[in-house]
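Visitor: below is the sequence, then the predicted model.
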There are 2 protein chains.
Amino acid sequence: MSLSTAEEQLMQLLWKREKAFMKDLIEEYPDPKPATTTIATLLKRMQDKKFVDYKQYGRSREYYPLVKKTDYFSKHVNGLIKNFFNDSAGQFASFFTRETDLSQKELKELREIIDSQLKTKQS
Amino acid sequence: MSLSTAEEQLMQLLWKREKAFMKDLIEEYPDPKPATTTIATLLKRMQDKKFVDYKQYGRSREYYPLVKKTDYFSKHVNGLIKNFFNDSAGQFASFFTRETDLSQKELKELREIIDSQLKTKQS
DNA sequence: ATAATTATTCTACATTTGTAGAGTTAATTC
DNA sequence: GAATTAACTCTACAAATGTAGAATAATTAT
(Lines give C-alpha, C1' and ligand atoms only; values in the text may rest on other atoms or scores of the structure.)
Protein backbone atom coordinates (compact mmCIF):
# COMPACT_ATOMS: atom_id res chain seq x y z
CA MET A 1 0.00 0.00 0.00
CA SER A 2 1.42 3.38 -0.84
CA LEU A 3 0.61 6.96 -0.04
CA SER A 4 -1.70 9.13 -2.07
CA THR A 5 -0.51 12.51 -3.23
CA ALA A 6 -2.04 14.43 -0.35
CA GLU A 7 -0.73 11.91 2.12
CA GLU A 8 2.73 12.04 0.66
CA GLN A 9 2.77 15.79 0.93
CA LEU A 10 1.88 15.56 4.57
CA MET A 11 4.50 12.89 5.04
CA GLN A 12 7.08 15.29 3.68
CA LEU A 13 6.23 17.72 6.42
CA LEU A 14 6.52 15.03 9.01
CA TRP A 15 9.86 13.90 7.68
CA LYS A 16 11.09 17.45 7.78
CA ARG A 17 10.29 17.85 11.47
CA GLU A 18 10.99 14.27 12.54
CA LYS A 19 7.92 14.44 14.75
CA ALA A 20 5.10 16.87 15.20
CA PHE A 21 1.71 17.61 16.61
CA MET A 22 -1.13 18.00 14.21
CA LYS A 23 -1.22 21.68 14.95
CA ASP A 24 2.38 22.10 13.82
CA LEU A 25 1.77 20.21 10.63
CA ILE A 26 -1.14 22.40 9.71
CA GLU A 27 0.93 25.46 10.31
CA GLU A 28 3.43 24.30 7.74
CA TYR A 29 0.83 24.40 5.02
CA PRO A 30 0.65 27.54 2.95
CA ASP A 31 -2.64 29.39 2.96
CA PRO A 32 -5.32 28.43 2.49
CA LYS A 33 -4.60 25.87 5.15
CA PRO A 34 -6.59 22.69 5.13
CA ALA A 35 -9.20 22.08 7.81
CA THR A 36 -7.93 20.25 10.86
CA THR A 37 -10.37 17.47 10.14
CA THR A 38 -8.80 17.01 6.75
CA ILE A 39 -5.40 16.51 8.26
CA ALA A 40 -6.84 14.31 10.97
CA THR A 41 -8.34 12.09 8.30
CA LEU A 42 -5.10 11.89 6.38
CA LEU A 43 -3.14 11.05 9.50
CA LYS A 44 -5.63 8.35 10.36
CA ARG A 45 -5.34 6.81 6.92
CA MET A 46 -1.58 7.01 7.12
CA GLN A 47 -1.73 5.16 10.41
CA ASP A 48 -3.84 2.46 8.83
CA LYS A 49 -1.28 2.16 6.10
CA LYS A 50 1.46 1.89 8.74
CA PHE A 51 3.33 4.96 7.62
CA VAL A 52 3.03 6.90 10.85
CA ASP A 53 2.41 6.32 14.49
CA TYR A 54 2.16 8.64 17.48
CA LYS A 55 2.86 9.08 21.14
CA GLN A 56 0.09 10.37 23.29
CA TYR A 57 0.97 13.41 25.36
CA GLY A 58 -1.96 14.41 27.48
CA ARG A 59 -4.79 14.94 25.03
CA SER A 60 -2.65 15.41 22.00
CA ARG A 61 -0.55 13.16 19.86
CA GLU A 62 2.90 13.59 18.63
CA TYR A 63 3.13 11.92 15.27
CA TYR A 64 6.24 10.42 13.82
CA PRO A 65 7.15 8.54 10.64
CA LEU A 66 7.42 4.78 10.67
CA VAL A 67 9.08 4.76 7.29
CA LYS A 68 12.34 6.44 6.51
CA LYS A 69 12.31 8.97 3.76
CA THR A 70 15.19 7.34 1.99
CA ASP A 71 13.52 3.96 2.06
CA TYR A 72 10.31 5.32 0.74
CA PHE A 73 12.19 7.20 -1.88
CA SER A 74 14.21 4.19 -2.96
CA LYS A 75 11.06 2.26 -3.57
CA HIS A 76 9.84 5.04 -5.80
CA VAL A 77 12.99 5.24 -7.82
CA ASN A 78 13.14 1.52 -8.15
CA GLY A 79 9.62 1.54 -9.45
CA LEU A 80 10.57 4.13 -12.01
CA ILE A 81 13.64 2.23 -13.03
CA LYS A 82 11.67 -0.95 -13.40
CA ASN A 83 9.02 0.70 -15.49
CA PHE A 84 11.07 2.93 -17.65
CA PHE A 85 14.44 1.32 -17.89
CA ASN A 86 13.78 -2.29 -18.02
CA ASP A 87 15.06 -2.71 -14.53
CA SER A 88 18.52 -1.45 -15.36
CA ALA A 89 19.83 1.09 -12.91
CA GLY A 90 22.78 1.75 -15.16
CA GLN A 91 20.57 2.68 -18.03
CA PHE A 92 18.69 4.95 -15.73
CA ALA A 93 21.81 6.58 -14.44
CA SER A 94 23.14 7.44 -17.83
CA PHE A 95 19.82 8.75 -18.93
CA PHE A 96 19.67 10.79 -15.82
CA THR A 97 23.03 12.44 -16.13
CA ARG A 98 22.33 13.22 -19.73
CA GLU A 99 18.87 14.67 -19.25
CA THR A 100 19.19 16.54 -16.05
CA ASP A 101 20.74 19.92 -15.82
CA LEU A 102 23.55 19.30 -13.43
CA SER A 103 25.93 22.14 -12.93
CA GLN A 104 29.61 21.66 -13.48
CA LYS A 105 30.19 21.60 -9.76
CA GLU A 106 27.53 18.96 -9.26
CA LEU A 107 28.96 16.86 -12.01
CA LYS A 108 32.35 16.98 -10.37
CA GLU A 109 30.95 16.03 -7.03
CA LEU A 110 29.18 13.18 -8.63
CA ARG A 111 32.37 11.99 -10.21
CA GLU A 112 34.02 12.07 -6.82
CA ILE A 113 31.34 9.86 -5.44
CA ILE A 114 31.62 7.45 -8.29
CA ASP A 115 35.35 7.28 -7.91
CA SER A 116 35.12 6.52 -4.27
CA GLN A 117 32.53 3.88 -4.96
CA LEU A 118 34.73 2.35 -7.57
CA LYS A 119 37.53 2.19 -5.05
CA THR A 120 35.31 0.51 -2.51
CA LYS A 121 34.17 -2.10 -4.98
CA GLN A 122 37.67 -2.73 -6.14
CA SER A 123 38.73 -4.36 -2.92
CA MET B 1 -3.06 16.18 -15.73
CA SER B 2 -1.15 12.98 -15.32
CA LEU B 3 -1.80 9.32 -15.87
CA SER B 4 -3.21 7.01 -13.26
CA THR B 5 -1.43 3.77 -12.51
CA ALA B 6 -3.53 1.65 -14.82
CA GLU B 7 -3.22 4.21 -17.56
CA GLU B 8 0.50 4.43 -17.16
CA GLN B 9 0.84 0.70 -17.43
CA LEU B 10 -1.07 0.77 -20.67
CA MET B 11 1.03 3.65 -21.86
CA GLN B 12 4.13 1.54 -21.31
CA LEU B 13 2.75 -1.04 -23.69
CA LEU B 14 2.03 1.61 -26.26
CA TRP B 15 5.49 3.07 -25.96
CA LYS B 16 6.96 -0.34 -26.41
CA ARG B 17 5.18 -0.89 -29.71
CA GLU B 18 5.19 2.69 -30.92
CA LYS B 19 1.66 2.18 -32.15
CA ALA B 20 -0.92 -0.52 -31.78
CA PHE B 21 -4.49 -1.59 -32.16
CA MET B 22 -6.47 -2.20 -29.03
CA LYS B 23 -6.41 -5.89 -29.73
CA ASP B 24 -2.61 -5.94 -29.68
CA LEU B 25 -2.46 -4.03 -26.45
CA ILE B 26 -4.76 -6.46 -24.73
CA GLU B 27 -2.65 -9.34 -25.91
CA GLU B 28 0.35 -7.88 -24.16
CA TYR B 29 -1.33 -8.14 -20.80
CA PRO B 30 -0.60 -11.24 -18.78
CA ASP B 31 -3.54 -13.41 -17.82
CA PRO B 32 -6.06 -12.66 -16.60
CA LYS B 33 -6.37 -10.14 -19.35
CA PRO B 34 -8.59 -7.15 -18.74
CA ALA B 35 -11.89 -6.86 -20.54
CA THR B 36 -11.75 -5.02 -23.83
CA THR B 37 -14.14 -2.47 -22.44
CA THR B 38 -11.72 -1.75 -19.64
CA ILE B 39 -8.97 -0.97 -22.09
CA ALA B 40 -11.32 1.03 -24.24
CA THR B 41 -12.21 3.16 -21.24
CA LEU B 42 -8.59 3.71 -20.36
CA LEU B 43 -7.71 4.66 -23.91
CA LYS B 44 -10.58 7.07 -24.03
CA ARG B 45 -9.48 8.72 -20.81
CA MET B 46 -5.93 8.88 -22.09
CA GLN B 47 -7.18 10.62 -25.19
CA ASP B 48 -9.01 13.15 -23.07
CA LYS B 49 -5.83 13.77 -21.18
CA LYS B 50 -3.98 14.22 -24.49
CA PHE B 51 -1.60 11.36 -23.98
CA VAL B 52 -2.61 9.32 -26.99
CA ASP B 53 -4.31 9.75 -30.31
CA TYR B 54 -5.19 7.35 -33.10
CA LYS B 55 -5.50 6.89 -36.79
CA GLN B 56 -8.64 5.28 -38.09
CA TYR B 57 -8.07 2.29 -40.34
CA GLY B 58 -11.35 0.97 -41.56
CA ARG B 59 -13.33 0.21 -38.47
CA SER B 60 -10.41 0.06 -36.10
CA ARG B 61 -8.02 2.50 -34.61
CA GLU B 62 -4.33 2.46 -34.41
CA TYR B 63 -3.30 4.21 -31.26
CA TYR B 64 -0.05 6.05 -30.76
CA PRO B 65 1.53 8.08 -27.98
CA LEU B 66 1.42 11.85 -28.07
CA VAL B 67 3.96 12.11 -25.31
CA LYS B 68 7.47 10.79 -25.50
CA LYS B 69 8.46 8.32 -22.87
CA THR B 70 11.56 10.27 -21.98
CA ASP B 71 9.60 13.48 -21.56
CA TYR B 72 7.05 11.83 -19.39
CA PHE B 73 9.78 10.21 -17.43
CA SER B 74 11.69 13.44 -16.94
CA LYS B 75 8.68 15.05 -15.46
CA HIS B 76 8.42 12.19 -12.99
CA VAL B 77 12.00 12.38 -11.91
CA ASN B 78 11.81 16.10 -11.59
CA GLY B 79 8.82 15.70 -9.37
CA LEU B 80 10.73 13.28 -7.21
CA ILE B 81 13.71 15.54 -7.05
CA LYS B 82 11.57 18.47 -6.11
CA ASN B 83 9.81 16.56 -3.39
CA PHE B 84 12.61 14.62 -1.90
CA PHE B 85 15.70 16.61 -2.57
CA ASN B 86 14.69 20.14 -2.20
CA ASP B 87 14.89 20.63 -5.90
CA SER B 88 18.54 19.80 -6.08
CA ALA B 89 19.40 17.38 -8.84
CA GLY B 90 22.91 17.13 -7.53
CA GLN B 91 21.72 15.96 -4.16
CA PHE B 92 19.57 13.46 -5.89
CA ALA B 93 22.37 12.21 -8.06
CA SER B 94 24.69 11.59 -5.18
CA PHE B 95 22.00 9.87 -3.24
CA PHE B 96 21.25 7.80 -6.22
CA THR B 97 24.77 6.61 -6.89
CA ARG B 98 25.17 5.81 -3.25
CA GLU B 99 21.96 3.94 -2.74
CA THR B 100 21.63 2.06 -5.94
CA ASP B 101 23.52 -1.05 -6.63
CA LEU B 102 25.42 -0.13 -9.72
CA SER B 103 27.93 -2.64 -10.91
CA GLN B 104 31.50 -1.66 -11.42
CA LYS B 105 31.00 -1.60 -15.13
CA GLU B 106 27.97 0.63 -14.82
CA LEU B 107 29.83 2.97 -12.56
CA LYS B 108 32.61 3.27 -15.08
CA GLU B 109 30.21 3.95 -17.86
CA LEU B 110 28.59 6.57 -15.77
CA ARG B 111 31.91 8.21 -15.15
CA GLU B 112 32.53 8.29 -18.86
CA ILE B 113 29.28 10.09 -19.40
CA ILE B 114 30.05 12.57 -16.70
CA ASP B 115 33.45 13.24 -18.12
CA SER B 116 32.11 13.88 -21.54
CA GLN B 117 29.49 16.15 -20.09
CA LEU B 118 32.11 18.04 -18.19
CA LYS B 119 34.03 18.52 -21.39
CA THR B 120 30.98 19.82 -23.17
CA LYS B 121 30.24 22.32 -20.44
CA GLN B 122 33.82 23.48 -20.33
CA SER B 123 33.65 25.15 -23.70
C1' DA C 1 -29.85 -12.19 -46.24
C1' DT C 2 -28.76 -14.02 -41.41
C1' DA C 3 -25.91 -15.18 -37.88
C1' DA C 4 -21.75 -14.59 -35.57
C1' DT C 5 -17.88 -11.67 -34.59
C1' DT C 6 -15.42 -7.31 -33.76
C1' DA C 7 -14.67 -2.62 -32.30
C1' DT C 8 -16.39 1.08 -29.78
C1' DT C 9 -19.45 3.75 -26.85
C1' DC C 10 -22.53 4.33 -22.93
C1' DT C 11 -23.63 3.39 -18.57
C1' DA C 12 -22.69 1.63 -14.09
C1' DC C 13 -20.70 0.68 -9.88
C1' DA C 14 -17.30 -0.23 -6.19
C1' DT C 15 -13.03 1.74 -4.29
C1' DT C 16 -9.89 5.36 -3.30
C1' DT C 17 -8.86 10.07 -2.63
C1' DG C 18 -9.51 14.96 -1.20
C1' DT C 19 -11.91 17.65 1.76
C1' DA C 20 -14.54 18.96 5.59
C1' DG C 21 -18.96 19.52 8.78
C1' DA C 22 -21.00 17.76 13.23
C1' DG C 23 -20.47 15.64 17.35
C1' DT C 24 -17.75 14.17 21.52
C1' DT C 25 -14.51 14.59 25.18
C1' DA C 26 -11.28 16.80 27.77
C1' DA C 27 -8.78 21.06 29.15
C1' DT C 28 -8.82 26.13 29.88
C1' DT C 29 -10.69 30.50 30.82
C1' DC C 30 -13.64 33.78 33.17
C1' DG D 1 -18.74 25.55 37.34
C1' DA D 2 -20.41 27.36 32.73
C1' DA D 3 -18.62 28.70 28.46
C1' DT D 4 -14.97 28.29 25.23
C1' DT D 5 -11.43 25.99 23.01
C1' DA D 6 -8.67 22.08 21.36
C1' DA D 7 -7.99 17.54 19.54
C1' DC D 8 -10.19 13.85 17.73
C1' DT D 9 -13.60 10.63 15.65
C1' DC D 10 -17.58 9.73 12.72
C1' DT D 11 -19.97 10.59 8.81
C1' DA D 12 -20.45 12.45 4.31
C1' DC D 13 -19.82 13.51 -0.24
C1' DA D 14 -17.83 14.74 -4.73
C1' DA D 15 -14.19 13.50 -7.93
C1' DA D 16 -11.01 10.18 -9.76
C1' DT D 17 -9.90 5.41 -10.69
C1' DG D 18 -10.41 0.45 -11.87
C1' DT D 19 -13.26 -2.54 -13.95
C1' DA D 20 -16.69 -4.27 -16.94
C1' DG D 21 -21.76 -5.39 -18.75
C1' DA D 22 -25.19 -3.93 -22.25
C1' DA D 23 -26.06 -1.73 -26.43
C1' DT D 24 -24.80 -0.40 -31.03
C1' DA D 25 -22.61 -0.54 -35.44
C1' DA D 26 -20.01 -2.46 -38.82
C1' DT D 27 -17.82 -6.88 -40.98
C1' DT D 28 -17.40 -11.35 -42.10
C1' DA D 29 -18.76 -16.03 -42.53
C1' DT D 30 -22.51 -19.28 -43.82
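Guide: Yep, that arrived.
Visitor: so which residues on chain A come close to DNA strand C?
Guide: A:4-7, A:34-35, A:37-38, A:40-42, A:45, A:58-59 (Cβ under 7 Å from any atom of the strand). All C-beta spots, glycine's among them, are computed from the backbone N, C-alpha and C.
Visitor: near DNA strand D, which residues of chain A are found?
Guide: Within chain A, the positions near DNA strand D by Cβ under 7 Å from any atom of the strand are A:21-23, A:36-37, A:40-41, A:44, A:54, A:59-61.
Visitor: and the two most separated of those residues?
Guide: Among the residues of chain A next to DNA strand D, the pair separated by the greatest distance (Cβ to Cβ) is A:Thr41 and A:Arg59, at 18.7 Å.
Visitor: and the two? Which one has more around it.
Guide: Neighbours were counted for A:Thr41 and for A:Arg59 using other Cβ atoms under 10 Å in any protein chain shown; A:Thr41 has more, 14 against 5.
Visitor: for A:Glu7, see how far away the more buried one is.
Guide: Applying Cβ to Cβ, to the nearest Å, the value for A:Thr41 to A:Glu7 is 10 Å.
Visitor: try A:Leu43
Guide: According to Cβ to Cβ, A:Leu43 stands 9 Å off from A:Glu7.
Visitor: which residues are contacting the lengthiest helix in chain A?
Guide: Secondary structure of chain A per DSSP state H: the longest helix is helix A:104-122. Applying Cβ atoms under 8 Å, 6 or more residues apart in numbering or on different chains, the contact partners of helix A:104-122 are A:97, A:102, B:89-90, B:93-94, B:97-98, B:102, B:104, B:107-108, B:110-111, B:114-115, B:117-118, B:121-122.
Visitor: just the buried ones among these, please.
Guide: Buried members of these, counted by 16 or more other Cβ atoms under 10 Å in any protein chain shown: A:97, A:102, B:89-90, B:93-94, B:97, B:102, B:107, B:110-111, B:114, B:117.
Visitor: now, the most widely separated pair of the residues you listed?
Guide: Spatially, the most separated pair among those is B:Ala89 and B:Leu107, at 18.7 Å (Cβ to Cβ).
Visitor: which other helices and strands contact the helix or strand of chain A with the lowest mean pLDDT?
Guide: When each helix and strand of chain A is scored by mean pLDDT, DSSP states H and E, helix A:89-99 comes last, with a mean of 76. In terms of contacts (3 or more Cβ pairs under 8 Å, 6 or more residues apart in numbering or on different chains; DSSP states H and E), helix A:89-99 is packed against helix A:69-84, helix B:69-84, helix B:89-99, helix B:104-122.
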